[in-house]
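In: when you get a sec, could you give me coordinates for this:
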Amino acid sequence: MSKQPIIYILSDSIGETAQKVVSAVLVQFPELKLTDIRRYPFIEDEKMLLDILNEVLKENGIIVHTLVSKKFVRLVVDFCKETGLSYVDVMSPLTRVLHAKTGTSPLEEPGALHKLDEHYFSRVSAIEFAVKYDDGKDPRSFLLADFVLLGVSRTSKTPLSMYLANNNFKVANLPIIPEAAVPKELFEIDPAKIIGLTSSAHSLMKIRKSRLRTLGLNEDASYSSETRIAEELAFANELYQQLGIQVIDVEHRAIEETAALICALT
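Out: Just a heads-up that it's a prediction; the model follows:
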């Protein structure tokens, strides 16, 4: 099977529309287990957009965007033509048809679909929280989070955090590394809001080797050793038992399915 691509969702608003389109399309490909979907909302200027496009180019990803600014759309089109990147423009085709049929010009106003209500701002706040406290950046955030996700590398902590954030949950996550000290904050919060993520050593080995290949690094590094991964998982499982928390095996689950299991715990 060919390498599964990374999907990049770009928007000058929240990006919810593109996320729903991607989710609807992926349902048609049940054999694909795409877990690396990266969402970049609130793109404010051309420099920010160009930085993201260069990241997509490095990963040879797929762009799905709902940009409404003409200058942003043109930048994406020109960049993809020059580099050969694949992209899907969700908004422009229907916008052009409606303009041609009615003679009415579009607003080009990002986020016009969303009412600026409490629910909307809560979601934005949750997304900002997930970005700010990704990858264990500040353990004090655990005290403020609705959920804290724990797991060894490549157990989908970040994609899950962002997915849950889009459902208005404030989520922090922490990579579990045997050599790293366990933050004391984990023992100060309600165990019911801590979720341990796990998988098989063999599955994680394949994912990590693929990641190293993508980065142009030696895929036989200790990071992708099945023995090393088994040690990490054993350490993580011991910590989960010590904390007395719910554990979810993510190996054969889509992000949406794992998120639904987490939401069911509330």
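In: can you give me the helices for the stretch 51-200 of the chain?
Out: If you assign secondary structure with DSSP state H, counting those that start in this stretch, the helices in the stretch 51-200 of the chain sit at 70-83, 92-102, 118-132, 157-165.
In: how about residues contacting the helix ranked longest in the chain?
Out: Criterion DSSP state H: the longest helix present in the chain is helix 226-243. Contacting residues not belonging to helix 226-243 are listed as 150-153, 176-178, 182, 186-187, 191, 194, 196, 198-199, 201-202, 204-205, 208, 222, 247 [Cβ atoms under 8 Å, 6 or more residues apart in numbering]. No exception for glycine: its C-beta is placed from N, CA and C like everyone else's.
In: of these, buried ones?
Out: For the contacts of helix 226-243, a neighbour count by 16 or more other Cβ atoms under 10 Å gives the buried set as 150-153, 176, 182, 186, 194, 196, 198-199, 201, 204-205, 208, 247.
In: max pairwise distance over those residues: which two?
Out: Maximum pairwise distance among the buried ones among the contacts of helix 226-243 (Cβ to Cβ): 26.7 Å, between 186 and 205.
In: just the pLDDT at the residue lying closest to residue 182 once chain neighbours are set aside, thanks.
Out: Among residues not flanking residue 182 along the chain, residue 239 sits closest, at 6.4 Å (Cβ to Cβ, 6 or more residues apart in numbering). Reported pLDDT at residue 239 in the predicted model: 98.
In: for residue 37, same thing?
Out: At residue 37, the model reports a pLDDT of 90.
In: quick check: bridge partners of it?
Out: residue 7 (DSSP bridges).
In: contact partners for the residue nearest to residue 141 when sequence neighbours are not counted?
Out: Nearest in space to residue 141, with sequence neighbours left out and distances taken as Cβ to Cβ, 6+ apart, is residue 133 at 3.9 Å. Going by Cβ under 8 Å, 6+ apart, residue 133 touches 141, 145, 172-173.
In: quick one, domains of this protein?
Out: What the record gives for the chain is the domain set 7-102, 118-263, from automatic domain parsing.
In: rank those domains by pLDDT, which is bottom?
Out: Ranked by mean pLDDT, the domains of the chain bottom out at domain 7-102, which scores a mean of 92.
In: let me know how buried residue 35 is, in neighbour terms.
Out: 19 (other Cβ atoms under 10 Å).
In: tell me the secondary structure at it.
Out: Look at residue 35: counting by DSSP: H, G, I helix; E, B strand; the rest coil, its state is coil.
In: give the buried residues for the longest helix of the chain.
Out: In helix 226-243, residues buried by neighbour count (16+ other Cβ under 10 Å) are 228-229, 232-233, 235-236, 239-240, 243.
In: could you export the residues you listed to JSON lines, including columns for distance to residue 67?
Out: Converted to JSON lines, the buried residues of helix 226-243 look like this (distance: Cβ to Cβ, whole Å):
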{"residue": "228", "distance to residue 67": "42"}
{"residue": "229", "distance to residue 67": "39"}
{"residue": "232", "distance to residue 67": "40"}
{"residue": "233", "distance to residue 67": "41"}
{"residue": "235", "distance to residue 67": "43"}
{"residue": "236", "distance to residue 67": "39"}
{"residue": "239", "distance to residue 67": "42"}
{"residue": "240", "distance to residue 67": "41"}
{"residue": "243", "distance to residue 67": "43"}
